[in-house]
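Student: no sequence for this one, just the structure:
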């Protein structure tokens, strides 16, 4: 499944991937399309068989912070709180959902199945008290809880906003923070760590990893240690969702599916930072425990894209001056394309060269009454080889161009040009929207 990995209508940011049995589960916040704020009052979980990552299924609403559809809220002590960035783990034979209730005391919910539904067990407690020491774990809110069940059965929760912390919780009652276990500033706010939010812990071999978002916001970085409470060493950037793309915040985690490791993260849509969609990239963990930075691609779980099958425009991973716009649960376009806009996709496998016959590129567009052209480049949006030029004239429709035979693996870029030639003294309207793209395909 290419990026984004869930259906068009679903917006699940802050994703925590977890492998339970033969399925990978994605827990996260829930954004609304075309929203003007982060998250809503529901949590969902999606899952896929590890042998079929092209087909993800939704298990519905697993937790509510407001009554909805005849179901009561799971948090009777707090009204109108939005649900942010949860995590879920298995402890013994049961599954526990760690809930971050915005501006309210969080809680832990429990289920006999990883897909829920989850029933609230208890708000977070400090020992046996509902009152936390001032400032500790945001007074019981537990911002962005990330949970680690260690090999010895001990359970740790990490979190924080602008200032990090870690606690140990009772294995039998994981909503109960063990007094005296609190560790402040487990990741410093100062360079090189620059901790901001979005903690996600993992243990890989004998090494403890904390994935988090630094003050740059669009990055996911990581630190490692030899013990669950550190000290941690800053190691570097894993991914940045703001490179040649409209960046926003970022939050995600690592999971191993078969022999392949992935980083899950999210990206923005609709010209805002509030309608975010889940994505994944393959990563490599080297023998020294380091993770080389990966780029944002269109691939998701796929190793390549097929240029001879229709590619929806929203698979774009490079977007300079434009946005992925949600139109309906079944339709999106790349819109707000102006002179100089670049729309890019990584990576297509064109296969071996097939004789001397050219290909034909078909681009399905939504016209806006404007005229211009689109340069089609391979491998580099600024200096790549131009393989075709498409011309558009006002209305909707399919525009096509012949393309020389292509072989091998390539990134593909569309670069918008405006055909108007104003006099030297005139100031061209750089902000005029020229065209919208629905999808494209190469035909042999």
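Tutor: Looks like it arrived, so ask away. Predicted model only: the values in this text are computed from it and were never measured.
Student: how far away is the residue nearest the centre of the chain from residue 387?
Tutor: Nearest to the geometric centre of the chain sits residue 266, at 1.5 Å (Cα atoms, centre = their mean). Distance, residue 266 to residue 387, using Cβ to Cβ, to the nearest Å: 32 Å. Backbone N, C-alpha and C define where each C-beta goes, glycine included.
Student: picking up where we left off before, for my notes, confirm the residue nearest to the centre of the chain occurs in a helix.
Tutor: No - counting by DSSP: H, G, I helix; E, B strand; the rest coil, residue 266 is not part of a helix but strand.
Student: Identify the bridge partners of it.
Tutor: residue 278 (DSSP bridges).
Student: wait, residue 62 sits on residue 47?
Tutor: No - between residue 62 and residue 47 there is no contact under Cβ atoms under 8 Å: 11.2 Å.
Student: what sits in contact with each of these two?
Tutor: Overlap of the contact sets of residue 62 and residue 47 (by Cβ atoms under 8 Å, 6 or more residues apart in numbering) consists of residue 115.
Student: how much space between residue 198 and residue 221?
Tutor: Remark: distance between residue 198 and residue 221 (Cβ to Cβ) = 10 Å.
Student: Could you list the low-pLDDT ranges of the stretch 1-150 of the chain?
Tutor: Within the stretch 1-150 of the chain, no stretch has pLDDT under 70.
Student: again, only this time at 80
Tutor: In the predicted model of the stretch 1-150 of the chain, residues 79-80 satisfy pLDDT under 80.
Student: Does the helix or strand harbouring residue 26 pack against any helices or strands, and if so which?
Tutor: In the assignment (DSSP states H and E), residue 26 maps to strand 23-27. Contacts defined by 3 or more Cβ pairs under 8 Å, 6 or more residues apart in numbering; DSSP states H and E place strand 23-27 against strand 16-20, strand 42-49, strand 83-91.
Student: For it, what is the distance to the chain centroid?
Tutor: Mean-position distance between strand 23-27 and its chain equals 14 Å (Cα atoms, centre = their mean, to the nearest Å).
Student: same check, this time on stretch 258-268
Tutor: Put simply, stretch 258-268 sits 8 Å off its chain's centre (Cα atoms, centre = their mean).
Student: Report the buried residues of that stretch.
Tutor: Residues 261-268 are the ones in stretch 258-268 that count as buried (16 or more other Cβ atoms under 10 Å).
Student: Name the nearest of these relative to residue 8.
Tutor: The closest of the buried residues of stretch 258-268 to residue 8 turns out to be residue 267 (Cβ to Cβ; 13.6 Å).
Student: any idea how far residue 304 is from that closest one?
Tutor: Using Cβ to Cβ, we find residue 267 at a distance of 20 Å from residue 304.
Student: can you check residue 216 too?
Tutor: 30 Å.
Student: follow-up on the earlier one: mind listing the shared neighbours of residue 198 and residue 221?
Tutor: Shared contacts of residue 198 and residue 221 (Cβ under 8 Å, 6+ apart): 211-213.
Student: Most neighbours out of the residues you listed, which is it?
Tutor: residue 212 (28 neighbours; other Cβ atoms under 10 Å).
Student: List the contacts of whatever helix or strand residue 61 lives in.
Tutor: Secondary structure from DSSP H and E places residue 61 in strand 57-64. With contact meaning Cβ under 8 Å, 6+ apart, strand 57-64 is reached by 10, 41-48, 68-69, 71-74, 83, 86, 97, 99, 109, 111, 115-118.
Student: now those residues: which count as buried?
Tutor: 10, 41-48, 73-74, 83, 86, 97, 99, 109, 111, 115-118.
Student: returning to what we had before: just send the shared contacts of residue 198 and residue 221 back as a markdown table, with pLDDT and secondary structure too.
Tutor: Below are these laid out as a markdown table (pLDDT from 0 to 100; DSSP: H, G, I helix; E, B strand; the rest coil):
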| residue | pLDDT | secondary structure |
| --- | --- | --- |
| 211 | 98 | strand |
| 212 | 98 | strand |
| 213 | 98 | strand |
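Student: Sort out which one of these lies nearest residue 400 for me.
Tutor: Looking at these and their distance to residue 400, the nearest is residue 213, at 42.8 Å (Cβ to Cβ).
Student: Which residues does that closest one form beta bridges with?
Tutor: Where residue 213 sits in a bridge, its partners, by DSSP bridges, are residue 197.
Student: switch to numbering from 214
Tutor: Understood, numbering begins at 214; the last thing we discussed is residue 426.
Student: and the gap between it and residue 596?
Tutor: Counting by Cβ to Cβ, the separation of residue 426 from residue 596 is 32 Å.
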